[in-house]
Each structure stands twice: as C-alpha cells, then as structure tokens.
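Colleague: Fold the following for me, if possible:
(6 chains, ligands or ions: 6)
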Amino acid sequence: MISLFDLALSNLLSPVVLFFALGVAAALAKSELAIPEAVAKTLALYLMMSIGFKGGVEVSKSGLDQHLLLAILGGVALSAMLPVIGFSALRATSKLSVANAAAVAAHYGSISIVTFVAATQALQIVGLPYEGYLIAVAAAMETPAIMVALYLANRGGKTSERKDGLWREVALNSSVVMLLGSFAIGCISGEAGLKPVAPFLVDLFRGVLCLFLLDMGLIAGRGLRQGFRTLSVPVIAFAIYMPLISAGCAALLSLALGMSPGGTALFITLAASASYIAVPAAMRIALPEAQPSIYLTLSLAITFPFNLTIGIPLYLWLAEAIQ
Amino acid sequence: MISLFDLALSNLLSPVVLFFALGVAAALAKSELAIPEAVAKTLALYLMMSIGFKGGVEVSKSGLDQHLLLAILGGVALSAMLPVIGFSALRATSKLSVANAAAVAAHYGSISIVTFVAATQALQIVGLPYEGYLIAVAAAMETPAIMVALYLANRGGKTSERKDGLWREVALNSSVVMLLGSFAIGCISGEAGLKPVAPFLVDLFRGVLCLFLLDMGLIAGRGLRQGFRTLSVPVIAFAIYMPLISAGCAALLSLALGMSPGGTALFITLAASASYIAVPAAMRIALPEAQPSIYLTLSLAITFPFNLTIGIPLYLWLAEAIQ
Amino acid sequence: MISLFDLALSNLLSPVVLFFALGVAAALAKSELAIPEAVAKTLALYLMMSIGFKGGVEVSKSGLDQHLLLAILGGVALSAMLPVIGFSALRATSKLSVANAAAVAAHYGSISIVTFVAATQALQIVGLPYEGYLIAVAAAMETPAIMVALYLANRGGKTSERKDGLWREVALNSSVVMLLGSFAIGCISGEAGLKPVAPFLVDLFRGVLCLFLLDMGLIAGRGLRQGFRTLSVPVIAFAIYMPLISAGCAALLSLALGMSPGGTALFITLAASASYIAVPAAMRIALPEAQPSIYLTLSLAITFPFNLTIGIPLYLWLAEAIQ
Amino acid sequence: MTLVTYPKKRIEIIVEAPALSRVLKALDGTGVLGYTVVPALAGRGLGGQWTRDDSFNNASHMVSVVCIVDESLAEKAVSAVYAVVSAQIGILSVSDVSVMRKEHF
Amino acid sequence: MTLVTYPKKRIEIIVEAPALSRVLKALDGTGVLGYTVVPALAGRGLGGQWTRDDSFNNASHMVSVVCIVDESLAEKAVSAVYAVVSAQIGILSVSDVSVMRKEHF
Amino acid sequence: MTLVTYPKKRIEIIVEAPALSRVLKALDGTGVLGYTVVPALAGRGLGGQWTRDDSFNNASHMVSVVCIVDESLAEKAVSAVYAVVSAQIGILSVSDVSVMRKEHF
Ligand SMILES: Nc1ncnc2c1ncn2[C@@H]1O[C@H](COP(=O)(O)O)[C@@H](O)[C@H]1O
Ligand SMILES: Nc1ncnc2c1ncn2[C@@H]1O[C@H](COP(=O)(O)O)[C@@H](O)[C@H]1O
Ligand SMILES: Nc1ncnc2c1ncn2[C@@H]1O[C@H](COP(=O)(O)O)[C@@H](O)[C@H]1O
Ligand code: NA
Ligand code: NA
Ligand code: NA
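Modeller: Ligands and ions are numbered 1, 2, ... in the order given. Next comes the predicted model:
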C-alpha cells in the first residue's frame, strides 16, 4: 500500500496543486491577476466534457450492470442524509440561523465536480483505474441535498412561493447537462469516437486543469480575504470536520457497493466535496434570506482547498485501507 | 462505393454530430448551458484558421493550375444563380414580401463555412482527399449572392442609400479575412511551416469542432423554439428543398470542373449550405425591412441541422455517384 | 555562423510573423476582424505560463548559480540606465514635453515579454538553447525603468500624490505574477511535472503564439492608422533607433555576464524591446498628463513590429558575432 | 427641443444574476413592451463587494435591466419588479426620459 | 448642490449591432464631442427576444450608446441618430443631466 | 405615481480603467453606500477613439460607474470623484432619480 505521507507530498507538489497555491497567493497579495469570466466558464465546461466523455468510453468498454444502479442509489441516499447531519451540527455548535444552516448543509450534501476531477488526476498519478459510471453517480448526487435542505429550512412554516421553475433550473444546470451529455456521447461513440478527439479532450486535460485551478485559487484567495473575518470559529471548523464526517459515511457505505479502490476513493471524494456552482445559484432563489458570503466562503475558500491539498490523498489512502 | 446508409449512420454517430444534437436537446429543454460569446467567436476563428492553413499547405504541395480559376468561376456563377431560383420559388409558393424573399435567397446563394468544415471531417472519415484550393472557392462564393439578392429586392424602384461601406464590410468580414489570410500563409510556409503549429491547428481540430457544434446546436435549438411557429409550411419546406436544388445544380456544374470525388462533395456542400454569419449582418444594413427572425431561423435552425445530419452524407454519396 | 540574411528571411516567412502581418493588413484595410478581449488576455497569460514553466524546468535541471544573480543585476542596471538615454535623446531631438518624454523613456527601459517569447521561437528554429533563468531576468527588468522615468519627470518639482499603491500594482501585475509563478512551479516540479502538462504548455505554444500575434498585428495596425499622423519624424525615428542603442548597450554588458549565445540574444532582445502592458497602465496613474496615444503608438505600432521582423534576427546575429 | 417628444419613465434595476429570469418574468406580466439587460463588472453594497471574475458560479454577480415604459404603466411595472427584488440582492430606480414619436413603449 | 454645474442632455440609443457604425457616423457628423458604447446582454421588444449567446453572428444583438451633449446640439444629434435608427431595430431616449465645469460636451 | 418614492441623485462616471480603483476608493471615502461598475466597449472623445479589442493592456479603455446617492451626500461624492477624474481621462454627470422605500442609499 502507498504511504499516506508519500501520497500527500506528491499531491502537494503536483503542478495542479501548485497552480492553485499560486492563485491563492496572488489573491492574498491583491494582484490584479484574473482569468476572464468567459474563459473560466469555458474551462469548466471543457473539464466536464472531457471527464464525461472519458467516463462514457469506459462504460462502453465494460458495459453497465447492477453496480451502476447500486452506486447511484447509494450516492443519492448519502447526498440526502449528509445535509441532516450538517444542519444538526451547525445548529448545535454555531449561531447560524435556520436558513443559513440549511443553505450551508445543502452545499455539503451536494458535490463539487472539480474536486472529483482533481481526485481522478491523483488516481492517475498512482496508477489506479476507476469505474466510468461514477460520472453518472456524481451527477445524481448534485440535487437531492438541495431538496432535503429546503425541507429542513421550511419545516417551521411558510414555504417560499418563488420556487416555480427552480427544479428545472437545478436539474438542467450547465455542469449536469455537459457532464451527462458528454457521458452519453462517450457511451455511444466509444473508443473509436474518442481517438480523433483525444488530442483535445484527453491530452490537454492536465494543463487545462492547471489553468482552471489557478483561477479557483484566485477566487478562493479573494474569498479568504473578504469572507473569513465574518465567520465564527465553529462555522469555520465545520468546513474542515464536515468533509471528514462525509468521507467516513461514504467509506462505510462503499463497503456495500463493490467498487474498485479507485472508484471507492472517488465516491468518498464526492461525499466529502461541497458544491459551489449549482447549489449557490439554487439557494439565491429558494432561500434568499441565507447569506452567500457564508456558504460560498466555507465551500470555496476553506473546504475546496482542504480537499485539494489534504483531503484527496487522505480519501485515496482510506479507500485502499478499507479494501 | 460506400453505401449511403452506412455513410449516414457513421455521420450521425460521430461525436461532432452528437454534440450538435446535445446542444439542440439542451436548448429545447431550456437548459441555461451556453458557450460564452467571446469563446464561440474565437472557436469560429480557429476553425477558419485551421482549415485555411491546411488548404494552403495542400496547394503549396500540388501547385495552382487552371482548375482553381475554373472552380472559382463556377462557384461565383452558381452563387449568383441560386438566389434567382430561391427568390422565384419563395415568391411562387409563399407569402413572403419581396424584401424577405430576397433576403432569404441571399442566404442560400451564399455559403456556410462550418458546414464546409463538417463535410471535410466526413471526407476524412471515409478517407477521401480534396483539393486545397476549395478554400479560395468557398471565400469567393460568399458575396455574389448578396449582390444578386439586392438587385432582386430593388428592381421595383428606390434603392437604399445607406449602402456606403457595405461592400467593404462584406468583403472584409472576419471569416473571409481569416480564411483567406490563413490560406495564403499556408501557401507560403508550406509543410515545413505547418509542422510546429500542427499540434494546435491540426490535432485539436476535431475536438474544437465538437465544442463549436455544441454551441451551434444550442443556437439552432433556441431558434427552433422561438422562430418556428412564425413560419408557414411553404417557407419551412424551402429550407429543405432549396439545399437539394442547389446540390443538384452544383453536381451538374462539377462535371465540367474536373475535381476529385472529395472536392466535388465539398463543392456540392458549399452550394447546398446557407450563410448565417456574413449575409445576416449585410441584410440588416442593405435590407433592414427584411425580418431576421425569418432568414436566421431558416438558415441556422433548419438548413444547417439538415445538412449536418442528412445533407452531407447525401452530397458525398452524390459526388461519388456522378464520377 | 548563420548568415544574417538567411536568419531574417526564415524569420519573416515563419507563420508567427506572417500571422502578425495578416493582422496589420486586416487592420489597415479596416476589416472588423478581432480577437475578443477575454481570449486575447488569456492567450497572453498562457504564453507567460508556458515560457515561465519551461524556464523553471530548465533551471531545475541545471541548478542556479551566481550567473543568475549577475544577469539580474546586469538587467536591472540596464533597465535603469536606458530611460536616461531615451529621455535625453527625446528632449534633444523632439518637442515632446517632459512628461511625454519621460513616459516614452519608461517604456523603452522596460521590456516586452511577447518580444522575448518571439525571440525564443527564433532561437528554436536555429537550434540554439538558452538559460532558463532569463525568465527571472525578464521579470526583474520590468519595473526599474518606471522608477527612473518618474524621477526624470518630477525633478522639476511637484511630485504626484496619487502614487500610493502604484508600486504594488506594478510589481504584482498579471504578467509578472504569471511569469514568476509559473517559473517557480517549473523549478519545483521539474521535468517530471512538465510531462503531463506538456501537450498543453509545450506542444500548443507555437500555434497559440500565431493567434496571439494575429491580435497584436490587428492592434498595431489600428495604432498605425490612428496614431501615426500625430507623431513627428524625430519621435517616430526614436522608435527605431532606440531599440538599436539598447541592443548595443546590452551586447556590451553581456560580455561580462557569461551567457550562451542564445541567452545573449534574449538578453539583447529584452533590452531592445519596449513595454506595452505594464508600463502604460502605470503611466496613466503616475504621469496622467503624458499622452497614451504617443507612447502606445511608438511601442506597439512601431517598435514591436520592427523587433519582430528585423530586430530579432539582428540581435541573434549580433549575439553570435560578439562571442 | 422643437422635435416632438413624449415623456416616459426609465426604470433601472440592478439585481443578482440568479434572480434575473424572475425579474424579467415579472416585467413580462405587466404589459411592458421591451427591456434590455446590461452586464455589470463589479460593485459594492451593504452586503460587501463583488467582481465578475469571482463569480463563475453566477451566484454572486449582478446584472442591470433598463426598461423604458409609459408613465401609465410605470407604477405597475415598478411594483411587480419590486415584489421580486425586495427579497433578493438588488436595487431599483426610476427617472424621467423623453422619446421620439412612433417608438413603442 | 452648491457645486457649479451645467445642464446637458444624455442621449441613450439601444440599437442592433450591425447598425452601430452608422449610428456613430451620424453622431460624428453633428459636432458631438464624445460618446461611449456599452454592451447589452439580452432583451425583449416587439420583435421578440434575443440573448448575446445566440448571436455569434452579430446580426441579432443590440448595443447601447450613451452620448452627453450640450442642449444646443441635442436636437441636431437626436435627429441625425433617429434618421438611422428609425429604419433599424432600436430605440432612443433623452434625459437631463448636469456636469461639472471644464468638461467638454 | 402613488407609490411612495424618494428623490436621489444618480452619478455616472466614465473613466479610464487604470484609474478605476482610485475612483472607487474616493467614493468609499465619502460614506456612499454602494455603486456598480459597468463595462464599456468603445468610445470617442477629445483624445480620439478607442475600442475594447485594442486594449488588452487595460491602459486605453474606459469603464462606467453608476452610483445612486442621497441628495445630502451627492455634492461630497461628486467633489471626491471629480478630484480624481479631473486629472485622468473621464467624464462625470449627475441626474435625478427616485427610489422605493427601504432601499439603502
Ligand atoms: N447606491 C448604489 N448605487 C449603485 N449600485 C448599488 C448601490 N447600492 C448597491 N448597488 C449594487 O447592488 C449590489 C448589492 O447591494 P447590497 O444589497 O447593498 O449589497 C452592490 O454590490 C452594487 O452592485
Ligand atoms: N421599452 C424598452 N426599454 C428598453 N429596451 C427596449 C425597449 N424596447 C425595446 N428595447 C430593446 O430594443 C430591442 C429591439 O426592440 P424591438 O424593435 O421592439 O424588438 C429589444 O430587444 C430590447 O433590447
Ligand atoms: N460627451 C460624451 N458622452 C459620452 N461619453 C463621452 C463623452 N465624452 C467623452 N466620453 C467618453 O470618455 C472617453 C474619453 O473622453 P476624452 O477625454 O474627451 O477623450 C471617450 O473615449 C468616451 O468613451
Ligand atoms: Na458532498
Ligand atoms: Na449556398
Ligand atoms: Na527595453
């Protein structure tokens, strides 16, 4: 088995993580360095397209079986359960309002695809394969947490009226469509379809990820500079211990899902990751009284860096340990 | 000879067409998926740059002879004649005003470079080469239809005054400059010049085309959703039968031009394609009373998808059949 | 030794220079061709990322020694001295005001990374290696000229009050951060870190440079069209002879720095190049009374094209001649 | 001015992007004949500052909507928009403008 | 305000992109000293709705032009622009603003 | 209008991008509660014309700042901004707007 220390070190010194660190440093130093929004959005779409397509090609080779269904069910259940834990923890330890606690909990029940992508890179470095169908699991885990969190927020009484259209918006957000669409195209066109697009979709992947994580670093750094002081210690602590709780739950559950070590590591990573694209936009409509400066800072500026640097090697090690 | 059915099927299942379909589906489902405008414009420029440069390199190897001149003359004549057919057909079968019928006819006389690009991909799949100078033919076929259509629209009387500068704008539009400029650079620098830029200009081509066609699909899908109901059946039918008429004319003419089967297929595709970049912008100045919702919907949302899915394999089959 | 004529010719006919020429021609012909700003900015960042990373990897292989320190000191001294020469020359030969002369002098003391990048390409064509640490030298040469020029402008009396924050802005401008950050990451991750990102950072480099120089050509061409007539002959002449003076000084100094012929050529190129990103922005704050139309036209529309076409082969030849 | 002009109201709404579609739907419901959405780059308010570059997630950037309406419709339009905007991050202001004849508002 | 200010007119033109250069040329012909073009993202009017993302062809998106002019020039500028805009897709409105001295309008 | 509205001032500043941070700092110093920065694409003035596509160097393009303030603060804000803008490339104009209650300006 690979030592946790070696894993963590090789992860920390990979260009992908170093470019993230560069972004954080530049933002903290107030450099005007910025990736234009139009390009950052495209880089994100590219990452979905690439990871989705490759996942689909894998599935076209191995075929689908009941494992996919099992994993999706497991993922959905997990994603529905984690917000309950998160909400209770926040309400018990911090002074966050019901709306704020529910909104934060929704983020931690849902997932971050970029964290998932970074974890696939870490797997590639240590040479572990993973199940292509995890793309579909990831997509399935985006939404359930939002529903549960809204239920938690509205148990008290009046439910928001302006939710018409919200579910369509959430279910058809850019990332999900790009991810599942590319996955389906990969399934259909298979290895033969991948070959002519591989120089774009496969070979460039790592370099593009570096550029994208530079941007994530810039955003996380600006978030740290602005949002940090408004957060209390129990709330900040949540952004570190909650991923670990989620990882633990996912590890237990994964024992029943029969995945490879690589797949297990990714499943744990999904659970431990926190959304910062789909869920914030949904919260602005469904729970406008919750403050974005709280949930965005926690998810983007604390949990994402934590997972990228320490979490991913830990989850990888955990996945190997429990086999 | 390759069977038409096999051609059509392998075309429909290629990632390029599948990504287009994904775009159409996402737009019809009202997903917010979108490629930022700045990126979409750059992808289009990249496609011109790549196809132009490669065409120029081909010509630098084979040299130019009278065939180029012949093909350009043929292309220009065709592009001037097709609007007359289109205009008459529309006036005879639909209730479109003179201005609207002329504007639509201009689009179908002119060409779509992206359709041309997609056809070169289809040729590559079946392993057919084509003449590099067709790039120059494509550029030459952009403008004549506009002049003819304006003549048709203004026969009645008053000609628009605001056309000063219009011809320069049309002749120097981005696509033409990028296409012909890259073609010239390819001619000058030849195979040796291509090598160091090949990883960018050649290897990425297919993947970039997928991303670009995803965007075209989104735009076509939104066009379908909005523009479709305002169009009458004879007008919609025009967007299907006119490409076939154009293809027929081009096929006949190509017998006199002495091109390879691949070149013939591209020539037919050019004739059958309808403009949606250069001509719409020109029409807004030269014929502002014509409604963009009519000509853009026909060209982008009906003819382009038709050519991409069914037209191209058909034209390829036709080109082989008439040899 | 390579003949100057051959060098100049192969440089002029390289796709990189031809795309620049295409841009100039398109702008002079008033074509609407344009690379969207968001993309142009990203291409510039990509070039810094690539050249910085590759420089760092070189250093990770060869190690750092006193040569780096020597070269940085030499570069800083040169960059501080050149504005004095430039300022005196302008004041003696032209009617530019003190502020305008100082602002122009700052541009010519500082450096242009894109000119540097183009020179590395010319080196690659003739197969000359260069010292990776020149990246750090380039970064160090960006700022000193600004300080000296402000001193020259303000000797008379009142110094501007609004300079608070200016030095941080200058020192942490996007290019410097991206260049030095990527350099550091390259140093840390070395050859092993380069490999997975090479398809993006190395293979695409030349093609991206073509696209970027097309944009530079468009901007230079528009600058020529608009700015040229407002400039007097002595001022225009400055934009040609000043790079040659700078090149001469750098060549002399380089004798003491013990660099390879390739490194010497780059060092001369840095001295001869004129800034058009960092310095103009700084001048708008520090010397708002100086006119941007003067310094931007000189640097972007005259000196940059001169260096790209004639200067670089000349400096390369000079570097070989003085060994 | 001796050109014949007609007085209208110009409503300017600066609202967080996730709520844009709901603001536009509210305007659509009032019989307003048109509006234009304009991008914003950065800003500061009681809730802190934001910049476009921070917000590839769309959740924390603002857009601006300009809507020119007849005075008879202005109050209805303002109320409808205000009902949406008051629960979200955003502001709303109204000013007087004049337009040429034959234009549709 | 006790700052000395001068009354001017603010002309705001929302026009389809292909006609922009002609609108600006019309303004240039009236002696107007300056103007600024601002992007638009999306909109709706009598002719239906549009969004920037649909229009890599430039034909169907709008831009906005802001021009602050002296009252003495306003009518001439409005007429010149209206002559272009009335044949195209676009709207035009005018409002009152005040500016500081030494500024050039 | 029968909606209760409050009169405010709308300050619009068009200024070269390198000076933006200094303009915003000047506004911050006056107690203004918010502002929004809007991009510009192109323009013409006494110093010639510019377009966004020419200016990847940021030195020669303009941005626009919209700031809605209470009348009591307007003069202070205008003076503070004018102190910065008068030395730079840029213009400043002020107009009247009304806002709904409970909004913060
Ligand atoms: N007085 C104002 N003038 C212009 N824009 C404002 C003003 N107040 C707020 N905004 C904009 O509205 C956003 C949200 O404001 P707030 O809800 O006060 O945080 C700010 O980030 C600004 O973009
Ligand atoms: N009342 C209005 N207020 C603001 N923008 C408008 C208005 N009417 C039209 N527009 C803009 O002008 C475009 C064309 O309008 P129309 O000619 O009515 O289709 C619309 O898509 C909007 O962007
Ligand atoms: N009267 C005006 N109306 C609107 N924008 C203006 C006006 N005058 C100047 N501008 C803008 O301010 C920039 C600089 O103006 P100037 O200092 O006159 O060159 C111009 O390029 C325009 O973008
Ligand atoms: Na999670
Ligand atoms: Na055609
Ligand atoms: Na220099």
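Colleague: Does anything pack onto whichever helix or strand residue D:21 is part of? Which helices or strands?
Modeller: Using DSSP states H and E, the element containing residue D:21 is helix D:20-28. Helix D:20-28 sits against strand D:35-39, strand D:62-70, helix D:71-85, with contacts defined as 3 or more CB pairs under 8 Å, 6 or more residues apart in numbering or on different chains; DSSP states H and E. Just so you know, the C-beta spots here come from the backbone N, C-alpha and C atoms, and that holds for glycine as well.
Colleague: quick one: is the longest one near chain E?
Modeller: Pointing back at helix D:71-85 there. No. Helix D:71-85 stays clear of chain E (CB under 8 Å from any CB of the partner chain), getting no nearer than 13.2 Å.
Colleague: End to end on stretch A:255-269, go ahead and measure it.
Modeller: 15 Å (CA to CA, to the nearest Å).
Colleague: so who does the residue in the stretch 51-200 of chain A that ligand 3 sits nearest to touch?
Modeller: Closest to ligand 3 within the stretch 51-200 of chain A is residue A:174: 33.8 Å, counting by CB to the nearest ligand atom. Neighbour list for residue A:174: A:44, A:45, A:48, B:31, B:32, B:33, B:34 [criterion: CB atoms under 8 Å, 6 or more residues apart in numbering or on different chains].
Colleague: that's a strand at the first one, yeah?
Modeller: No. Secondary structure assignment (DSSP: H, G, I helix; E, B strand; the rest coil) places residue A:44 in helix, not in a strand.
Colleague: ok, it - how many residues close by?
Modeller: If you count neighbours by other CB atoms under 10 Å in any protein chain shown, residue A:44 ends up with 23.
Colleague: can you point me to the longest helix in chain A?
Modeller: Secondary structure of chain A read by DSSP state H shows that its longest helix is helix A:66-93.
Colleague: Between its first and last residues, how far does stretch D:24-44 reach?
Modeller: Across stretch D:24-44, first to last residue, CA to CA, it's 23 Å.
Colleague: buried stuff in that stretch?
Modeller: Of all the residues in stretch D:24-44, those buried under the rule 16 or more other CB atoms under 10 Å in any protein chain shown are D:24, D:26-27, D:30, D:32-44.
Colleague: How about stretch A:20-38?
Modeller: For stretch A:20-38, by 16+ other CB under 10 Å, it's A:20-27, A:31, A:33-38.
Colleague: Out of the residues you listed, flag the one nearest to chain E.
Modeller: Closest to chain E out of those is residue A:38 (10.4 Å), distances taken as CB to the nearest CB.
Colleague: Report whether the expected contact of that closest one with residue B:39 is present.
Modeller: Yes. Taking contacts as CB atoms under 8 Å, residue A:38 lies within contact range of residue B:39: 5.6 Å.
Colleague: shared neighbours of those two, which are they?
Modeller: Residues touching both residue A:38 and residue B:39 by CB under 8 Å, 6+ apart: C:36, C:38, C:39.
Colleague: about what we covered before: could the helices and strands packed on helix D:20-28 go into a markdown table alongside mean pLDDT and distance to ligand 4?
Modeller: What follows is the helices and strands packed on helix D:20-28, written out as a markdown table (pLDDT from 0 to 100; distance: least, CB to the ion, whole Å):
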| stretch | mean pLDDT | distance to ligand 4 |
| --- | --- | --- |
| strand D:35-39 | 97 | 32 |
| strand D:62-70 | 96 | 28 |
| helix D:71-85 | 94 | 31 |
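Colleague: which one of those lies closest to residue A:124?
Modeller: strand D:35-39 (38.3 Å; CB to CB).
Colleague: Taking their axis directions, that closest one and helix D:20-28 sit at what angle?
Modeller: In terms of direction (axes from the mean of the first three to the mean of the last three CA atoms, to 10 degrees), strand D:35-39 departs from helix D:20-28 by 160 degrees.
Colleague: right, is strand D:35-39 up against chain F?
Modeller: Yes. For strand D:35-39 and chain F, the contact criterion (CB under 8 Å from any CB) is met by D:38, D:39.
Colleague: what does stretch A:277-289 give?
Modeller: No. Judged by CB under 8 Å from any CB, stretch A:277-289 and chain F are separated, with a smallest distance of 15.0 Å.
Colleague: So for that stretch, what gets flagged as buried?
Modeller: Buried residues in stretch A:277-289, counted by 16+ other CB under 10 Å: A:277, A:278, A:279, A:280, A:281, A:282, A:283, A:284, A:285, A:286, A:287, A:288.
Colleague: Adding pLDDT and distance to residue B:237, write these out as a markdown table.
Modeller: What follows is the buried residues of stretch A:277-289, written out as a markdown table (pLDDT from 0 to 100; distance: CB to CB, whole Å):
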| residue | pLDDT | distance to residue B:237 |
| --- | --- | --- |
| A:277 | 86 | 43 |
| A:278 | 87 | 42 |
| A:279 | 93 | 47 |
| A:280 | 92 | 47 |
| A:281 | 89 | 42 |
| A:282 | 91 | 43 |
| A:283 | 94 | 48 |
| A:284 | 91 | 45 |
| A:285 | 90 | 42 |
| A:286 | 92 | 46 |
| A:287 | 93 | 50 |
| A:288 | 93 | 49 |
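Colleague: Please give the number of neighbouring residues around residue 76.
Modeller: I'll assume chain A. Other residues lying near residue A:76 total 16 when counted by other CB under 10 Å.
Colleague: that's the other chain; I wanted chain D
Modeller: Residue D:76, neighbours per other CB under 10 Å, totals 15.
Colleague: unless I'm mixing things up, it is touching residue D:27, no?
Modeller: No. When contacts are counted by CB under 8 Å, residue D:76 is not listed as touching residue D:27 (10.0 Å).
Colleague: Tell me which helix or strand in chain D has the weakest average pLDDT.
Modeller: Using mean pLDDT, DSSP states H and E, the weakest-scoring helix or strand in chain D turns out to be strand D:48-51, at a mean of 88.
Colleague: so does that one get close to chain C?
Modeller: No. Interface with chain C: strand D:48-51 contributes nothing (CB under 8 Å from any CB), its closest point being 14.3 Å away.
Colleague: Would you mind listing the outside residues contacting the helix or strand of chain A with the lowest mean pLDDT?
Modeller: Each helix and strand of chain A was given a mean pLDDT (mean pLDDT, DSSP H and E); the minimum falls on helix A:166-171 at a mean of 84. Contacts with helix A:166-171, where a contact means CB under 8 Å, 6+ apart, come from A:142, A:143, A:146, A:278, A:281, A:282, A:285, A:286, B:30, B:32.
Colleague: Tabulate the residues you listed (a markdown table), appending distance to ligand 1.
Modeller: Converted to a markdown table, those look like this (distance: CB to the nearest ligand atom, whole Å):
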| residue | distance to ligand 1 |
| --- | --- |
| A:142 | 28 |
| A:143 | 28 |
| A:146 | 24 |
| A:278 | 22 |
| A:281 | 16 |
| A:282 | 19 |
| A:285 | 16 |
| A:286 | 18 |
| B:30 | 27 |
| B:32 | 22 |
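Colleague: when you check chain D, which of those turn up near it?
Modeller: By CB under 8 Å from any CB, the members of the contacts of helix A:166-171 lying near chain D are A:281, A:285.
Colleague: Which ones among the contacts of helix A:166-171 map onto helices?
Modeller: Among those, DSSP H puts A:146, A:278, A:281, A:282, A:285, A:286 in helices.
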